[in-house]
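Trainee: Pasted the sequence and its predicted model underneath.
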Amino acid sequence: MNTRVLFVSAEAVPYAKVGGLADVVGSLPQALRKIGVDARVIMPMYGFINTEKYKISYLFSFPFARNTGTTDVQVFTAEHDGVPFYFVRGWPFFGSDTGVYTTWDWDVPRFIFFNQVVMAVAWELRQRLGWFPDVFHVNDWHTGLLPFLLYESRHDAIWGRTASVLGIHNLAYQGESVGGWLWQLGIPGRQQADLVYQNLTDNMLAIAIGYSDILTTVSPRYAVEIQYPYMGHRLDSLIRTRTEDLYGILNGIDVDLWNPETDPNVVFKYNAENFVEQRQANKRHLQNEVGLPVNDDVPIIGIVTRLVWQKGFTLALPALRRLLVDTDAQVIALGSGEAETEHQLWRLGHDFHWKARVFLGFNAATAQHIYAGSDIFLMPSHYEPCGIGQMIAMRYGSLPLVRETGGLADTVQNYDNNTADTGTGFVFTWEQPDAVLNTLRWSVDTFRHRQDAWRRMQKRAMQTDFSWHQSAHRYVEIYQKAMDKHRKRELEP
């Protein structure tokens with residue numbers, strides 16, 4: 001029998017997206033189904049999801065009783081790229097709200113509700129459709145209570161056969177100080193020794209780390225980094241107790257979706273064989289579109305990002321200012337996030353308006369034009385669990401300039417000046433503006449004076465395999481490990 005996996009997530013492409021979590025849950029199940037895994041997804045039914053656009057239909061309803069009363073739960077379904085999706089609506093938690101994430105006081109109770117109701121929906125799917133998961137694949141703190149609830153049911157004839165895998169996409173967001181809510185909702189005490197010893201029984205992500213059968217992160221490098229204080233965000237000691245069960249598996253991207261040869265937002269289509277002339281045409285189109293001087297010889301530094309501390313713009317903005325003062329380069333940035341970072345980026349565009357353009361917000365077409373028309377793609381992150389921007393950029397022939405951290409270190413090979421035949425981008429290590437500036441100058445100099453080497457790097461970058469194929473096979477192994485480990489935990493008192 002094929003392994004049955006239920007992905008549990010707060011977001012998933014194409015229905016609701018805030019960060020990279022949505023991209024993973026929107027594409028990994030499809031890759032798993034191609035190799036025989038019966039992967040499905042369950043997520044909240046947010047009020048903004050367009051049911052007509054996505055052909056979402058009503059499936060069933062049932063009353064769900066908790067300490068605070070009974071909620072009428074409605075379950076809807078749709079299929080995306082061959083993957084069945086289930087959507088949960090329960091008043092007032094999901095259905096009327098306008099955002100994936102709102103405020104702590106509201107997100108905590110509604111995601112606790114989501115954790116509880118997921119088990120009830122899974123039971124209803126078994127009764128009504130004859131389908132029941134072998135593995136719950138939970139993701140980040142929003143679904144972190146599920147492994148504990150499964151552990152509490154480990155002696156049940158049905159639930160006792162269901163394992164749990166935790167995907168850690170960003171350890172910085174943890175769902176802390178939720179003990180009052182858990183007590184009010186009748187959640188049993190968490191008695192796992194390491195959680196108790198480290199006073200982490202009221203931390204949703206810590207609960208998932210303590211009780212999941214297997215832990216995964218979204219890149220091998222990040223799996224190492226989170227075991228140390230700087231990137232462990234106060235959970236490094238707990239994670240070190242689970243190193244035998246911790247695996248770093250690099251995220252992939254949907255290579256059919258992110259394809260410059262078929263992307264409807266790319267004006268002049270191209271591939272790794274004919275990109276030289278076509279990318280130049282896209283570059284000219286981008287310069288003309290944003291109102292910058294059209295010049296093939298001026299390198300464009302592209303930015304598509306969330307404007308938060310993690311993404312490293314406290315390092316990059318001083319470096320870009322200094323670069324633009326004395327270097328003939330252009331900057332085109334698209335992003336939104338923290339108000340102060342937005343303001344500083346806007347000021348950069350204002351102060352250098354003849355060579356920089358800044359667009360606050362997000363526009364899919366503009367993002368694709370930047371990927372397809374920029375020469376250098378800047379990702380100076382303080383930390384980056386995996387990142388997909390650098391993978392998309394490489395697939396579109398824009399060479400990434402990144403800090404050596406997490407998935408950026410795992411995916412971008414640093415250019416070698418000596419051989420000119422290795423590398424897919426430019427990498428710096430130190431978290432200092434000078435490190436960003438010097439690497440920017442190096443990349444601009446390479447663009448100007450080593451065009452043959454630049455073209456070879458572009459071709460290597462475009463030909464790098466970032467599909468889910470290899471990672472999907474790794475996840476099949478992980479699910480088997482989780483089921484094997486869970487069978488042993490069934491015997492615990």
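Mentor: Cool, the structure landed. Residues are numbered from 1 along each chain as shown.
Trainee: Show me where the stretch 251-400 of the chain has its strands.
Mentor: Listed in chain order, the strands of the stretch 251-400 of the chain (DSSP state E, counting those that start in this stretch) span 300-307, 330-337, 356-360, 376-379, 399-403.
Trainee: Distance from the shortest one to the middle of the chain?
Mentor: What that stands for is strand 376-379. 18 Å (CA atoms, centre = their mean, to the nearest Å).
Trainee: Neighbouring strands of that strand in the sheet, and parallel or not?
Mentor: With DSSP bridges as the test, strand 376-379 is paired with strand 300-307 (parallel), strand 399-403 (parallel).
Trainee: can you list the domain ranges for the chain.
Mentor: 4-252+469-489, 275-463 (automatic domain parsing).
Trainee: Let me have those in JSON lines, extended by distance to residue 263, mean pLDDT and mean neighbour count.
Mentor: C-beta coordinates here come from the backbone N, C-alpha and C atoms, glycine included. Shown next, in JSON lines, are those (distance: least, CB to CB, whole Å; pLDDT from 0 to 100; neighbours: other CB atoms under 10 Å):
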{"stretch": "domain 4-252+469-489", "distance to residue 263": "15", "mean pLDDT": "93", "mean neighbour count": "19"}
{"stretch": "domain 275-463", "distance to residue 263": "6", "mean pLDDT": "96", "mean neighbour count": "20"}
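Trainee: which residues of the stretch 151-300 of the chain fall in helices?
Mentor: Here the stretch 151-300 of the chain has its helices, by DSSP state H, counting those that start in this stretch, at 179-184, 193-197, 204-211, 220-225, 229-232, 236-240, 275-290.
Trainee: want to throw the strands of the stretch 251-400 of the chain into JSON lines with distance to residue 82?
Mentor: Output for those, formatted as JSON lines (distance: least, CB to CB, whole Å):
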{"stretch": "strand 300-307", "distance to residue 82": "28"}
{"stretch": "strand 330-337", "distance to residue 82": "31"}
{"stretch": "strand 356-360", "distance to residue 82": "35"}
{"stretch": "strand 376-379", "distance to residue 82": "31"}
{"stretch": "strand 399-403", "distance to residue 82": "31"}
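Trainee: out of the ones you listed, nearest to residue 262?
Mentor: strand 300-307 (19.5 Å; CB to CB).
Trainee: Strand 330-337 and the closest one, what's the angle between them?
Mentor: Angle, strand 300-307 to strand 330-337, by axes from the mean of the first three to the mean of the last three CA atoms, to 10 degrees: 10 degrees.
Trainee: name the helices or strands packed onto the helix or strand hosting residue 41?
Mentor: Residue 41 is part of strand 38-44, with elements assigned from DSSP states H and E. Strand 38-44 is packed against strand 4-8, helix 20-34, strand 83-90, helix 104-129, with contacts defined by 3 or more CB pairs under 8 Å, 6 or more residues apart in numbering; DSSP states H and E.
Trainee: Which one of the ones you listed lies nearest to residue 56?
Mentor: Across these, closest to residue 56 is strand 83-90 (CB to CB), at 6.4 Å.
Trainee: Which residues outside stretch 77-90 are in contact with it?
Mentor: 12, 14-15, 26, 29-30, 33, 39-45, 49, 54-57, 59, 64, 71-76, 94-95, 113-114, 117-118, 121, 125 (CB atoms under 8 Å, 6 or more residues apart in numbering).
Trainee: returning to that earlier point: among the strands of the stretch 251-400 of the chain, which is nearest residue 486?
Mentor: Using CB to CB, these put strand 300-307 closest to residue 486, at 35.7 Å.
Trainee: Please save the CA atoms from the closest one in CSV.
Mentor: Provided in CSV are the C-alpha atoms of strand 300-307 (Å, rounded to 0.1, in the frame of the first residue of the first chain):
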residue,chain,number,x,y,z
ILE,A,300,21.2,45.6,-12.9
ILE,A,301,21.1,44.5,-9.3
GLY,A,302,17.7,42.9,-8.7
ILE,A,303,15.9,42.5,-5.4
VAL,A,304,12.6,40.7,-4.7
THR,A,305,12.1,40.1,-1.0
ARG,A,306,10.3,40.6,2.3
LEU,A,307,11.7,43.6,4.0
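Trainee: any idea how far that strand is from the chain center?
Mentor: 17 Å.
Trainee: again, but for stretch 252-261
Mentor: 16 Å.
Trainee: Pull out the buried residues from it.
Mentor: Neighbour counts over stretch 252-261 (16 or more other CB atoms under 10 Å) mark 252-254, 258, 260 as buried.
Trainee: Residue 228 against residue 235, yeah?
Mentor: No. Counting by CB atoms under 8 Å, residue 228 does not reach residue 235; the two are 11.0 Å apart.
Trainee: Please name the residues that touch residue 120.
Mentor: 62, 64, 73.
Trainee: Distance of it relative to residue 239?
Mentor: From residue 120 across to residue 239, the span is 30 Å (CB to CB, to the nearest Å).
Trainee: Could you measure from the nearest residue to residue 15 once chain neighbours are set aside over to residue 405?
Mentor: Leaving aside its chain neighbours, residue 15 sits nearest to residue 49 (5.3 Å; criterion: CB to CB, 6 or more residues apart in numbering). To residue 405, residue 49 is 34 Å away according to CB to CB.
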